[in-house]
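In: Okay, here's the prediction I keep looking at, along with the sequence it came from:
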Amino acid sequence: MLHNGSATRDIAFHEPAPYRRVAVIGGGAWGTALALAAQRAGRRTSLWVREAEAIAQIARTGRNPFLPDHAIPPAIATTADLAAALRGAELAVLVVPSQHLRGIASRVERLLPDGVPVVLCAKGIEADSGALMTQVIAEEMPGRPQAVLSGPSFAAEVAEDQPTAVTIAAEPGPDGIFAEGHHAARIAVSFASRHFRPYLSDDPVGVEVSGAVKNVLAIASGVIDGRGLGANPRAALLARGLAEISRLATALGGRPETVLGLSGAGDVMLTCSSPQSRNFSFGQALGAGRAPRTAQGAVVEGVANARSVLALAQRLGVAMPICEAVDRVVHHGLPVERAIAALLTGPLRAEPRNLEHRASIAHPALATPRRERVFA
Ligand SMILES: NC(=O)C1=CN([C@@H]2O[C@H](COP(=O)(O)OP(=O)(O)OC[C@H]3O[C@@H](n4cnc5c(N)ncnc54)[C@H](O)[C@@H]3O)[C@@H](O)[C@H]2O)C=CC1
Ligand SMILES: O=C(CO)COP(=O)(O)O
């Protein structure tokens with residue numbers, strides 16, 4: 001049994017039954033890669049693709065324009081008909097961008113039998129409501145079992161069957177998420193294959209917040225790279241960015257140790273250091289003073305989420321200076337130079353949160369604005 005993440009158990013011991021039929025809803029790059037992963041794991045898999053042109057191209061060439069370098073095997077049933085994609089599904093995997101999840105979820109809810117679980121794969125926070133993806137689902141699909149799939153996983157590498165580890169997070173049942181019949185354990189074995197390794201977590205809030213914020217951090221990291229500022233500020237950004245994730249996650253009831261796992265530190269390391277990341281390369285262009293260019297129709301989640309993460313943080317009174325800087329640059333036209341200067345010349349602070357609190361009492365100098373150039 002899992003007690004608040006303090007104990008781990010081998011899920012293979014239980015041999016939970018996989019879901020046999022998996023419907024992947026959202027045929028962008030990540031949905032396509034996850035359909036390939038499910039099919040490799042032995043699942044009967046369907047893939048719902050929204051765009052008529054994409055469906056036509058798949059029919060013509062066997063390739064999805066959102067992930068053009070990878071063939072989709074005929075065993076994956078691709079369709080533009082949502083009802084057809086969901087027919088007979090024992091598991092629905094929702095892979096539409098965060099700002100579109102609500103609309104798709106309400107349509108899926110009308111078509112999916114009660115009790116069929118959903119897996120949420122978008123990394124983001126809803127702009128208008130500040131809702132996490134799990135909250136959106138709780139509202140649009142009340143009572144339905146749900147889990148979050150996140151972690152360091154570029155779609156192209158999963159499609160190539162490169163080794164990848166992800167986290168599957170859900171609220172534990174009375175016997176914990178490792179219990180044989182728990183949907184999270186069943187989802188893990190439904191996707192597990194030689195090169196695709198899910199880990200379980202009972203902290204969906206920590207996992208979700210990590211995934212949403214890392215995209216904003218990746219834009220900031222790209223800016224540093226595009227501006228040619230070197231390796232030191234990137235490392236500082238990663239460390240201080242993880243501190244921002246941790247503060248927001250704990251304010252929402254998540255756990256700080258989750259932020260050190262695959263969905264937090266793992267995905268931050270991946271996305272904040274590779275031009276494969278759309279968010280990182282968007283930031284690189286900003287940093288270099290070029291107009292960001294993305295593949296047609298591709299989503300750069302950090303753009304919408306700079307705004308939604310910051311709005312949520314402000315509502316909760318959580319300081320997120322890096323996310324704030326990205327929001328100012330992307331949405332309010334703040335020049336990159338000024339955003340960087342603001343981060344470097346803010347008040348001096350102590351590092352761990354608990355010390356931060358004590359430092360302001362025992363070491364007032366650390367909490368007082370000073371001229372030195374430090375990181376926020
Ligand atoms: N691409 C990747 O490597 C990974 C992506 N993700 C996450 O997966 C989610 C989906 O991203 P990708 O598959 O990469 O997208 P993508 O950039 O490849 O394609 C855009 C997707 O947005 C969908 N879309 C556009 N307008 C829509 C609307 N009005 N309603 C519903 N869907 C709409 C398109 O149908 C398409 O599926 C994002 O939250 C992303 O952060 C997570 C892990 C890896
Ligand atoms: O989430 C991702 C990898 O884990 C993909 O990142 P990008 O959306 O920045 O490409």
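Out: Ah, there it is. Numbers count the residues shown, from 1 in each chain. Ligands and ions are numbered 1, 2, ... in the order given.
In: which one's the longest helix in the chain?
Out: Using DSSP state H, we find that the single longest helix of the chain is helix 204-226.
In: what packs against whichever helix or strand comes after that helix?
Out: Downstream of helix 204-226, the next assigned helix or strand under DSSP states H and E is helix 231-251. Packing contacts for helix 231-251, counted by 3 or more CB pairs under 8 Å, 6 or more residues apart in numbering; DSSP states H and E, involve helix 204-226, helix 256-259, helix 267-271, helix 301-316, helix 321-332, helix 353-362. Any C-beta I mention is one placed from the backbone N, CA and C, and that applies to glycine too.
In: gap between the longest helix of the chain and the chain center?
Out: Centre-to-centre, helix 204-226 and its host chain are 9 Å apart (CA atoms, centre = their mean, to the nearest Å).
In: go on, stretch 67-83?
Out: So, by CA atoms, centre = their mean, the centroid of stretch 67-83 is 23 Å from its chain's centroid.
In: just stretch 297-307 next, same as before
Out: Using CA atoms, centre = their mean, the offset of stretch 297-307 from its chain centre is 12 Å.
In: Residue 91: what's it in contact with?
Out: By CB atoms under 8 Å, 6 or more residues apart in numbering, residue 91 lies in contact with 19, 21, 22, 23, 116, 117, 118, 119, 186, 187, 190.
In: Angles on the backbone of it, please.
Out: With angles defined as degrees, to the nearest 10, residue 91 sits at phi -150, psi 130.
In: Pull up the residues of the stretch 151-300 of the chain that are close to ligand 2.
Out: Residues of the stretch 151-300 of the chain lying close to ligand 2 (CB under 6 Å from any ligand atom) are 152, 153, 154, 215, 218, 267, 270, 271, 277, 278, 279.
In: circling back to that earlier point, which one of the helices and strands packed on helix 231-251 is the most hemmed in?
Out: helix 204-226 (a mean of 29; mean count of other CB atoms under 10 Å).
In: if we can go back for a sec, now for the contacts of residue 91, which pair is the farthest apart?
Out: Farthest pair in the contacts of residue 91 (CB to CB) is 23 and 186. Separation: 15.0 Å.
In: which one of those two has more residues nearby?
Out: Between residue 23 and residue 186, counted using other CB atoms under 10 Å, the more crowded position is residue 23 (32 against 22).
In: Which helix or strand contains the more buried one?
Out: Using DSSP H and E, residue 23 sits in strand 21-25.
In: what packs against that strand?
Out: helix 29-40, strand 44-48, helix 82-86, strand 91-94.
In: who's in contact with it?
Out: Under the contact criterion CB under 8 Å, 6+ apart, strand 21-25 has outside partners 31-32, 34-35, 38, 43-48, 82, 85-86, 88-96, 104, 108, 190.
In: same thing with stretch 256-275?
Out: The contact list for stretch 256-275 (CB under 8 Å, 6+ apart) reads 5, 150-154, 165-167, 169, 199, 201, 203, 206-207, 210-211, 214-215, 217-218, 220-222, 234, 237-238, 241-242, 245-246, 249-250, 277, 279-281, 284.
In: hmm, it touching ligand 1?
Out: No. Between stretch 256-275 and ligand 1, judged by CB under 6 Å from any ligand atom, nothing touches; the nearest distance is 8.2 Å.
In: Stretch 218-230 too?
Out: No. With CB under 6 Å from any ligand atom as the criterion, ligand 1 is not reached by stretch 218-230; the gap is at least 10.2 Å.
In: quick one: that stretch to chain centroid distance?
Out: From the chain centre to the centre of stretch 218-230 is a distance of 20 Å (CA atoms, centre = their mean).
In: just stretch 319-326 next, same as before
Out: Distance, stretch centre to chain centre, for stretch 319-326: 18 Å (CA atoms, centre = their mean).
In: That one near ligand 2 at all?
Out: No. Applying CB under 6 Å from any ligand atom, one finds stretch 319-326 separated from ligand 2 by no less than 13.1 Å.
In: ok, and what's touching that stretch?
Out: 213, 216-217, 219-220, 223, 237, 240-241, 244, 247-248, 283, 302, 306, 309-310, 313, 334, 339-340, 342-343, 346, 376.
In: rerun that using 7 Å as the cut-off
Out: Residues outside stretch 319-326 that contact it (CB atoms under 7 Å, 6 or more residues apart in numbering) are 213, 216-217, 219-220, 237, 240-241, 244, 247-248, 302, 306, 309-310, 313, 339, 342-343, 346, 376.
In: In PDB, list the C-alpha atoms belonging to it.
Out: The C-alpha trace of stretch 319-326 is given here as PDB (Å, rounded to 0.1, in the frame of the first residue of the first chain):
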ATOM      1  CA  ALA A 319       6.200  34.600  -5.800                       C
ATOM      2  CA  MET A 320       7.100  33.400  -9.300                       C
ATOM      3  CA  PRO A 321       9.500  36.000 -10.600                       C
ATOM      4  CA  ILE A 322      10.800  34.000 -13.600                       C
ATOM      5  CA  CYS A 323       7.300  33.200 -14.800                       C
ATOM      6  CA  GLU A 324       6.400  36.800 -14.300                       C
ATOM      7  CA  ALA A 325       9.300  37.900 -16.400                       C
ATOM      8  CA  VAL A 326       8.300  35.600 -19.200                       C
END
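In: quick one: average pLDDT of that stretch?
Out: Per-region confidence: stretch 319-326 scores 97 on mean pLDDT.
In: and what of stretch 117-133?
Out: In the prediction, stretch 117-133 has an average pLDDT of 97.
In: Could you pull up the residues touching the nearest residue to residue 227 once chain neighbours are set aside?
Out: In this structure, residue 227 finds its nearest non-sequential neighbour in residue 287, 4.0 Å apart by CB to CB, 6 or more residues apart in numbering. Contacts for residue 287 (CB under 7 Å, 6+ apart) come out as 222, 223, 224, 225, 226, 227, 336.
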